[in-house]
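In: give me coordinates for this.
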Amino acid sequence: MPVDWFFNLTITGSLLLLIAEVAFQVVVLGAIVARGRTAPAVRLAWLLVVFLLPVAGPLLYLRLGRVPMEGRVKRRRATRERIATLLTSRGPRPQIEFASTALGKMDRLIQALGGYSSTDGNRLRLFGESVVTTDPTAAMVALVADLDAARSSCHLLFYIYLDDESGRAVAEALIRAVERGVACRLLVDAVGSRPFLASPLRRRLEQGGVEVAEALPVTALRALFGRFDFRNHRKIVVIDGTVGWTGSQNVANASFAPKARYAPWVDVMVRIEGPAVFDLQRLFVEDWLADARGSVEALLTPVPGPLDGGVPVQMLASGPATGSARAMTEASLLGFLEVDEELILTTPYFVPDEATATALATTARSGVHVVLVVPQRNDSRLVAAASRSYYEALLDAGVEIYEYPHGLLHAKTATFDGVASAVATANLDRRSFELNYEISLVVTCPDFTGSLRELQHGYVAASRRIDPQEWCARPTHRRLLENAAGLLAPLL
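Out: Numbers count the residues shown, from 1 in each chain. So this is what the prediction gives:
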């Protein structure tokens with residue numbers, strides 16, 4: 001009798017557990033289908049994960065698939081509204097009349113997506129190998145010189161800050177600035193800069209009077225109940241409210257010690273003077289106040305006046321707390337489809353959504369010369385495989401694809417018909433387009449675009465072009481692996 005009782009109890013318990021598991025799975029599957037603002041491909045990918053992994057899949061979705069409204073998101077929006085109120089009291093911002101209909105459409109779209117209107121009168125200097133210098137330390141040297149010239153404030157935001165020669169040079173410049181009475185603030189991503197945040201260099205900075213803060217800190221509670229995969233991937237420097245920097249480079253040597261086998265990291269940075277610097281400053285203030293103390297009034301600087309001979313510049317800020325969760329996707333689609341003659345793109349991580357991949361193929365089929373340059377060796381094997389799952393369709397459409405073999409091409413750039421260009425922190429992947437906080441600098445200037453285009457052609461000249469016939473003849477096992485990775489593309 002006891003044996004039968006125990007056996008029946010075990011069977012009953014197993015059935016109840018199975019029913020609970022199935023019910024849990026069904027509820028999560030229903031929640032995925034019900035999400036209206038999620039792209040169908042993303043919902044389908046999550047459905048596949050939850051279906052194939054009855055227990056782990058739903059748990060993964062609850063941890064990584066939802067976009068909850070957290071306190072810091074609300075703080076970001078409150079800061080944006082406060083800044084907007086202050087700007088309204090200062091009068092309307094001058095509007096630029098673009099000669100090109102396409103440029104005017106892009107300006108209006110970026111504003112509608114939570115970005116800022118274009119400002120004229122900005123001076124730009126491009127830092128990238130083969131344009132200004134072949135020295136990969138040039139940008140950091142020039143940045144340190146700007147920090148040493150600071151008079152009132154230095155605001156820095158980076159995804160990665162390393163304790164190497166570049167990191168120590170920037171740190172010493174900030175400490176020297178504090179000694180002159182300059183207020184210095186450094187905000188770094190809690191995941192991207194985790195080693196730095198626990199390093200003696202951080203302690204030295206704080207002892208020297210520099211305020212150091214973590215963006216999107218990952219605590220045990222947050223890891224259990226919140227989203228920890230949202231990251232601040234921006235690179236922003238604002239000095240005295242008059243000099244700004246942005247681009248793809250982190251505070252790190254090109255040799256990039258954590259992943260030295262893929263080095264050198266090949267980056268692009270832009271130094272900015274003029275009214276566009278204010279837009280960098282307001283982004284920094286928004287990010288700073290999400291995780292650190294202060295007030296908008298104390299941190300925000302006046303808008304610099306336009307400079308003679310300056311050019312139009314526009315900032316597109318993207319991320320979970322901006323005007324549109326798909327800001328980067330929508331802006332990219334419009335930019336690709338409005339091109340008439342030539343589109344050149346460089347990105348280290350190419351895992352586009354279906355709409356972006358289709359737009360590139362459509363643009364190429366319409367007779368536009370479309371060029372895509374990516375690294376030959378990627379620091380993520382899964383991303384590299386998923387990226388190559390798109391090659392065949394793009395090659396069939398006429399897109400020229402090049403793989404850069406001399407290090408990890410980390411520059412995120414685009415040039416449109418040799419007239420307009422973009423230098424971004426965002427990659428061409430879903431993580432950058434929908435999950436990370438990113439910034440893109442959009443420039444309407446043939447001269448600046450020409451310099452950036454020259455840099456891009458340098459990458460092309462040093463790269464290996466993918467031959468369509470050879471690519472189609474690659475081994476079956478490679479095709480299977482790449483296409484299997486491509487199935488996960490909506491989640492990468």
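In: give me the domain ranges for the protein.
Out: As recorded under automatic domain parsing, the domains making up the chain are 2-64, 71-99+120-312, 327-491.
In: any chance of these in CSV, plus mean pLDDT, mean neighbour count and distance to Lys105?
Out: In short, each C-beta sits where N, CA and C put it, glycine included. Listed next are the domains of the chain as CSV, based on pLDDT from 0 to 100; neighbours: other CB atoms under 10 Å; distance: least, CB to CB, whole Å:
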stretch, mean pLDDT, mean neighbour count, distance to Lys105
domain 2-64, 57, 13, 23
domain 71-99+120-312, 89, 18, 9
domain 327-491, 92, 20, 7
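In: so can I have CSV of these showing distance to Gly319?
Out: Supplementary listing: the domains of the chain in CSV, determined by distance: least, CB to CB, whole Å:
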stretch, distance to Gly319
domain 2-64, 15
domain 71-99+120-312, 8
domain 327-491, 4
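In: mind checking which of those is nearest Ala112?
Out: With CB to CB, the closest approach to Ala112 among the domains of the chain belongs to domain 327-491: 8.8 Å.
In: thinking again about what came up before, out of the domains of the chain, which is closest to Ile110?
Out: Distances from Ile110 to each of these were compared using CB to CB; the shortest belongs to domain 327-491, at 6.0 Å.
In: for the closest one, what is the distance to the chain centroid?
Out: Its chain's C-alpha centre and that of domain 327-491 lie 14 Å apart, by CA atoms, centre = their mean, to the nearest Å.
In: quick one, helices of the stretch 101-250 of the chain?
Out: Remark: helices assigned in the stretch 101-250 of the chain by DSSP state H, counting those that start in this stretch are 101-112, 138-148, 165-179, 194-197, 200-207, 220-225.
In: the ones you listed: which one's closest to Ser318?
Out: Distances from Ser318 to each of the helices of the stretch 101-250 of the chain were compared using CB to CB; the shortest belongs to helix 101-112, at 10.0 Å.
In: quick check: Gly407 touching Arg261?
Out: No - in this structure, Gly407 is not within contact of Arg261 by CB atoms under 8 Å, at 10.4 Å.
In: so which residue is dead centre in this structure?
Out: For the chain, the residue lying nearest the average C-alpha position, counting by CA atoms, centre = their mean, turns out to be Ala426 (2.8 Å).
In: following element in sequence after the helix or strand that Thr358 is a member of, please.
Out: When elements are assigned from DSSP states H and E, Thr358 belongs to helix 354-365. Proceeding N to C from helix 354-365, the next assigned helix or strand is strand 369-375, under DSSP H and E.
In: mind checking how far Pro312 is from Thr85?
Out: Here Pro312 is placed at a distance of 26 Å from Thr85 (CB to CB, to the nearest Å).
In: export only the CA atoms of stretch 443-451, formatted as CSV.
Out: Taking C-alpha atoms only, stretch 443-451 is exported to CSV below (Å, rounded to 0.1, in the frame of the first residue of the first chain):
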residue,chain,number,x,y,z
VAL,A,443,26.3,66.0,-41.7
THR,A,444,25.2,67.8,-44.8
CYS,A,445,28.5,68.9,-46.4
PRO,A,446,30.2,67.7,-49.6
ASP,A,447,33.6,68.6,-48.2
PHE,A,448,33.3,66.6,-44.9
THR,A,449,31.5,63.8,-46.7
GLY,A,450,34.3,63.7,-49.3
SER,A,451,36.9,63.3,-46.5
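In: wait, what's in contact with Asp189?
Out: Going by CB atoms under 8 Å, 6 or more residues apart in numbering, Asp189 touches 158-160, 214-216, 231-233.
In: can I get those in TSV with distance to Val243?
Out: Below are the contacts of Asp189 laid out as TSV (distance: CB to CB, whole Å):
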residue	distance to Val243
Phe158	16
Tyr159	21
Ile160	22
Glu214	25
Ala215	22
Leu216	26
Arg231	26
Asn232	21
His233	22
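In: name the nearest of these relative to Leu289.
Out: Ala215 (11.2 Å).
In: helices or strands next to the longest strand that the chain contains in the packing?
Out: As far as residue count goes, and with DSSP state E defining each element, the longest strand of the chain is strand 119-128. Packing partners of strand 119-128 (3 or more CB pairs under 8 Å, 6 or more residues apart in numbering; DSSP states H and E): helix 138-148, strand 268-273, helix 276-291, strand 311-318, helix 446-461.
In: so what touches the last one?
Out: Contact with helix 446-461 is made by 124, 126, 128-131, 266, 268, 311, 344, 346, 371, 373, 402, 404, 409, 411, 413, 415-416, 418-421, 423, 443, as judged by CB under 8 Å, 6+ apart.
In: so which elements touch the next helix or strand along the chain from that helix?
Out: Secondary structure here is assigned by DSSP H and E; on that basis, the next helix or strand after helix 446-461 toward the C-terminus is strand 464-465. Applying 3+ CB pairs under 8 Å, 6+ apart, one finds that strand 464-465 makes contact with strand 400-404.
In: ok, then the element right after the strand it packs on?
Out: Next in sequence after strand 400-404, counting helices and strands by DSSP H and E, comes strand 408-409.
In: is it true that Arg76 touches Glu286?
Out: Yes - look at Arg76 against Glu286 with CB under 8 Å: they come within range, at 5.5 Å.
In: ok, His410 - contacts?
Out: 248-249, 265-267, 348.
In: pull the most distant pair out of the residues you listed.
Out: In those, two members sit farther apart than any others by CB to CB. They are Gln249 and Pro348, at 12.1 Å.
In: and Leu113, which of the domains of the chain is closest to it?
Out: Go through the domains of the chain one by one with CB to CB and the one that ends up closest to Leu113 is domain 327-491, at 4.0 Å.
In: show me what stretch 284-296 is in contact with.
Out: Taking contacts as CB under 8 Å, 6+ apart, the residues outside stretch 284-296 that touch it are 72, 75-76, 79-80, 82-83, 86, 155, 157, 185, 187, 211, 213-217, 232, 234, 236, 238, 299-300, 437.
In: oops, could you answer that again for stretch 108-119 instead?
Out: Contact with stretch 108-119 is made by 93-96, 98, 107, 274-276, 278-279, 306, 312-318, 322-324, 327, 330-331, 334, 442, 444, as judged by CB under 8 Å, 6+ apart.
In: alpha carbons of it, as PDB, please.
Out: Once side chains and other backbone atoms are set aside, the C-alpha atoms of stretch 108-119 remain, and they are given as PDB (Å, rounded to 0.1, in the frame of the first residue of the first chain):
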ATOM      1  CA  ARG A 108      11.900  66.300 -40.300                       C
ATOM      2  CA  LEU A 109      12.000  62.600 -39.700                       C
ATOM      3  CA  ILE A 110      14.900  62.800 -37.200                       C
ATOM      4  CA  GLN A 111      13.000  65.500 -35.300                       C
ATOM      5  CA  ALA A 112       9.800  63.300 -35.300                       C
ATOM      6  CA  LEU A 113      11.900  60.400 -33.900                       C
ATOM      7  CA  GLY A 114      13.000  62.300 -30.900                       C
ATOM      8  CA  GLY A 115      16.200  63.800 -32.400                       C
ATOM      9  CA  TYR A 116      17.000  67.400 -32.800                       C
ATOM     10  CA  SER A 117      16.600  69.800 -35.700                       C
ATOM     11  CA  SER A 118      19.700  70.600 -37.800                       C
ATOM     12  CA  THR A 119      21.900  73.400 -36.800                       C
END
